[in-house]
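J.: From the sequence below, what's the structure:
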Amino acid sequence: MKSSASQKGLSFVGLLVSLALVAFVVSTAFKLVPHYLDYMSMKKIIEAVDSNQALDITTVDDFYSYVGKNMQVNNIQDVDLNKALKVTVQNNKFSAHLKYEQREPLIQNIDLVMKFDQQFSVGKP
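T.: All right, here's what the predicted structure looks like:
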């Protein structure tokens, strides 16, 4: 039996396994984080319709145009605006439903799937 003084540190195999685990987590984060940042930007764009009274958004087409322009400014290219956002007018307010799904390949035929779904009631038409 070895004494506790000679049993210090991590073995080479343990170190490699630890590095592989860290690399997997970092790789996964690099694939997920941009989609969440795009989603947070989309939320801010839609909520700005309500908070910024200087905007002259009175129709659904104006709403789509405003969101589309801000998507270009924020370089959001992975989201199809016409499929992801449904805007209607209800009770003299815009009702915007942002719902879409993003897939990111992880390993061969395994994908990471992120679903985003939020309802907004903003602005005055």
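J.: where along the protein do the strands fall?
T.: 85-90, 93-107, 110-122 (DSSP state E).
J.: Is the closest residue in space to residue 120 that isn't next to it in sequence bridged to anything, and to what?
T.: Closest residue in space to residue 120, ignoring its immediate chain neighbours: residue 96 at 4.3 Å, by Cβ to Cβ, 6 or more residues apart in numbering. Yep, even glycine has a C-beta here, placed from its N, CA and C like the rest. Counting by DSSP bridges, residue 96 is bridged to residue 87, residue 120.
J.: Against residue 14, how distant is residue 96?
T.: 51 Å (Cβ to Cβ, to the nearest Å).
J.: higher neighbour count, those two?
T.: residue 96 (24 against 10; other Cβ atoms under 10 Å).
J.: coming back round to it: want to try JSON lines for the strands of the chain, with mean pLDDT as columns?
T.: JSON lines is the format used below for the strands of the chain (pLDDT from 0 to 100):
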{"stretch": "strand 85-90", "mean pLDDT": "94"}
{"stretch": "strand 93-107", "mean pLDDT": "94"}
{"stretch": "strand 110-122", "mean pLDDT": "94"}
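J.: As CSV, those strands with distance to residue 40 would be great.
T.: Formatted as CSV, the strands of the chain follow (distance: least, Cβ to Cβ, whole Å):
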stretch, distance to residue 40
strand 85-90, 15
strand 93-107, 11
strand 110-122, 10
